[in-house]
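Trainee: curious how this folds, go ahead:
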Amino acid sequence: GKDRPRRGRRALRWSATVLAVVILGTAGAGYLYYQHLNGSIRKGERSSGDAKARKTAPNAAGQTPVNILLLGSDSRDSAENLKLGGSRSSVGDPPLADVQMLIHISADRKSAAMVSIPRDTRVAIPKCTDPDTGKVYPPTNDIINTTLGRGGAGCTLATWENLTGVYIDHWMTIDFAGVVKMADAIGGVDVCVKQNVWDRPTAAQRGGSGLKLTAGTHKVKGVQALQWLRTRHAWGSDLMRARAQHMYLNSMIRTLKSQNVFTDSGRLMDLADSAVNSLKVSEEIGTVKKLYDLAMEMKSVPTNRITSVTMPNLPDPQDPDNHVVPNQADADRLFEMLRDDVPLDKNGGKGSSKPVADKPGPTKTPSTDPSRLGVLVRNA
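Mentor: Okay, here's the model as predicted:
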C-alpha cells in the first residue's frame, strides 16, 4: 500500500515530463517553420526612383489608407516561367510589368478600390537606380510596363506616384509560376464569360494564352488561371483584360472569405507557404507577421464595397493603334479621390459626420449671376 502513492507520483511526473517535451517540441517546430518562412521571403527596395508623393493625412481616428501596388511580371528567366509562356529568345530580356494594379484600402477599412493602368500607357518615367546593380536610368517618356526593367518594382512604384500623386506604401510582384502556385493553393475561383472563348493564334493575330472556355461560369485554377489573367485577344483589348483581372481578384477575395481562411490556421499556413514562394515584396513588409497583418486589413473590407476601375485613357497621339495616354482631366479626378480617400462606391450610406443644422442653407437671393455659370457635361 505504501508503494502506490510513489508509483502514482512517478507516473504523474513522467506524464508531465512527456507533455512538456511535446509542447516544447511543437513550439520549437512552429518557431523553426516561422523562421523558415521569414527567411524564404524575397524582398526589394520600396522605391528606386525620384518621387515626391506624400502620405494622406490621418483621419479623426488617427488611421491612414493603405496603398499596395500589385505587379505581374512576364519574366521568362526560369525554366518554370519559360514553360508557362514565351519563347527561349526572350530569356534574359528585361522583365515587363504587364499587370499593374493599385489596391487602395480606405483609412477606416470599410471600402477598397482596385485601380488598373493599361500596360501600354505612355507616361513620364523618373530617374531610377537599379538596387541590385547600381545602374542609373535617366528619366524618359515611355510605356509604363518597361519600368520594371529600369530599376525593379521600386521604379514602377515611383512612376505611379509621380503620375497619380498617391503615396504607395508597398509593392508586390508575382510571375507566371507564382500565379499558378497561388491559384492551386486557393483551390480555384469562379469566373464568368458570356460566350465561348478560345484564345489561340490566328492568321490575323499571333500569340494567345490558350484559354478555352464555354459560355457560363467556370472555376479556374493552376495554368488555366494564368491563361485567364493573360488573355487579351479573346477580350479584344488590354482594357478588357484589366476587367477580367478585376473579376478574378474580386472572386478570389470572396472565395478566401467563404473558406474562412483567415480563421483556419492550417489553411492559412498552406497559403502562407505558397505566397512566400510566389511573391516578391517591398522590404518593409518582408516578414510573415507584416504580410499577415496586411491580409487582415483587407479581410475587414466588405466585398460589396470593393470597386474596380481602369484609369481613364485616350489613344496615344504617337501610336494610336497600340498605346494609350491618360485622359488627364478624368484621370486626375480619379487620382484626387484616391489621395483624399474618397470611396469610389455608393454602398457606404450617408458619410457626413456633421448634423444637418451645421450645414449652410440656401441664400434667399442668388449669390452669382446665373448667366456666369458654365456647365460641362462629361460622359459617365
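Trainee: now Met337: how far from Gln205?
Mentor: Distance of Met337 to Gln205, given as Cβ to Cβ, to the nearest Å: 36 Å. Backbone N, C-alpha and C define where each C-beta goes, glycine included.
Trainee: also Lys289?
Mentor: Distance from Lys289 to Gln205, by Cβ to Cβ: 46 Å.
Trainee: do the same with Gly165
Mentor: Distance from Gly165 to Gln205, by Cβ to Cβ: 37 Å.
Trainee: spatially nearest residue to the residue positioned nearest the centre of the chain, not counting backbone neighbours?
Mentor: The centroid of the chain falls nearest to Leu70 when counting by Cα atoms, centre = their mean (3.5 Å). Spatial nearest neighbour of Leu70, chain neighbours left out: Met101 (4.7 Å); criterion: Cβ to Cβ, 6 or more residues apart in numbering.
Trainee: which residues are in contact with the one you found?
Mentor: Met101 is in contact with Leu69, Leu70, Leu71, Met114, Val115, Ser116, Ile117, Ala242, Gln245, Leu249, counting by Cβ atoms under 8 Å, 6 or more residues apart in numbering.
Trainee: can you show me the helices along the stretch 1-150 of the chain?
Mentor: Assigned by DSSP state H, counting those that start in this stretch, the stretch 1-150 of the chain shows helices spanning 3-40, 79-84.
Trainee: and the ones you listed, which one's lowest on average pLDDT?
Mentor: Mean pLDDT is lowest for helix 79-84 among these, at a mean of 58.
Trainee: sorry, back to before: Met337 and Gln205: who's more crowded?
Mentor: Per other Cβ atoms under 10 Å, whichever of Met337 and Gln205 has more neighbours is Met337, with 17 against 11.
Trainee: where does the stretch 101-250 of the chain dip in pLDDT?
Mentor: 203-204 (pLDDT under 70).
Trainee: show me where it has strands.
Mentor: Secondary structure of the stretch 101-250 of the chain by DSSP state E, counting those that start in this stretch: the strands cover 112-116, 122-125, 128-129, 136-137, 140-143, 170-174, 189-193, 197-198, 212-213, 216-220.
Trainee: for Thr56, which of the ones you listed is the nearest?
Mentor: Among the strands of the stretch 101-250 of the chain, the nearest to Thr56 by Cβ to Cβ is strand 112-116 (13.4 Å).
Trainee: now tell me what touches the closest one from outside.
Mentor: 99-106, 242, 245-246, 249-250, 298, 301, 305-311, 334, 338, 343-344.
Trainee: now stretch 141-156 - C-alpha only, CSV.
Mentor: The C-alpha trace of stretch 141-156 is given here as CSV (Å, rounded to 0.1, in the frame of the first residue of the first chain):
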residue,chain,number,x,y,z
ASN,A,141,8.9,59.1,-71.7
ASP,A,142,8.0,55.5,-72.5
ILE,A,143,5.4,52.7,-72.0
ILE,A,144,4.8,52.1,-68.3
ASN,A,145,5.4,48.3,-68.4
THR,A,146,9.1,49.0,-69.2
THR,A,147,9.6,50.4,-65.7
LEU,A,148,10.2,47.0,-64.1
GLY,A,149,13.3,46.6,-66.2
ARG,A,150,14.6,50.1,-65.3
GLY,A,151,15.2,49.6,-61.5
GLY,A,152,12.8,46.9,-60.5
ALA,A,153,9.4,47.3,-58.9
GLY,A,154,10.6,50.4,-57.0
CYS,A,155,10.9,52.2,-60.3
THR,A,156,7.3,51.2,-61.2
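Trainee: and it, how far out from the chain's middle?
Mentor: When C-alpha coordinates are averaged (Cα atoms, centre = their mean, to the nearest Å), stretch 141-156 and its chain have centres 17 Å apart.
Trainee: likewise for stretch 136-156?
Mentor: With Cα atoms, centre = their mean, you get 19 Å for stretch 136-156.
Trainee: now do the buried residues in it.
Mentor: 137, 143-156 (16 or more other Cβ atoms under 10 Å).
Trainee: re the thing from before, tell me what the residue nearest to the centre of the chain is bridged to.
Mentor: Met101, Met172 (DSSP bridges).
Trainee: list the contacts for it?
Mentor: Val99, Gln100, Met101, Leu102, Ile103, Trp171, Met172, Ile174.
Trainee: next one: Arg200
Mentor: Counted by Cβ under 8 Å, 6+ apart, Arg200 has contacts Gly208, Gly210, Lys212.
Trainee: Asn67 now?
Mentor: Applying Cβ under 8 Å, 6+ apart, we find Asn67 in contact with Leu102, Ile103, His104, Ile105, Val166, Tyr167, Ile168, Asp169, His170, Leu338.
Trainee: contact partners for the fifth one?
Mentor: Same thing as Val166. Contacts of Val166 (Cβ under 8 Å, 6+ apart): Ala53, Asn67, Leu102, His104, Trp160, Phe335, Leu338, Arg339.
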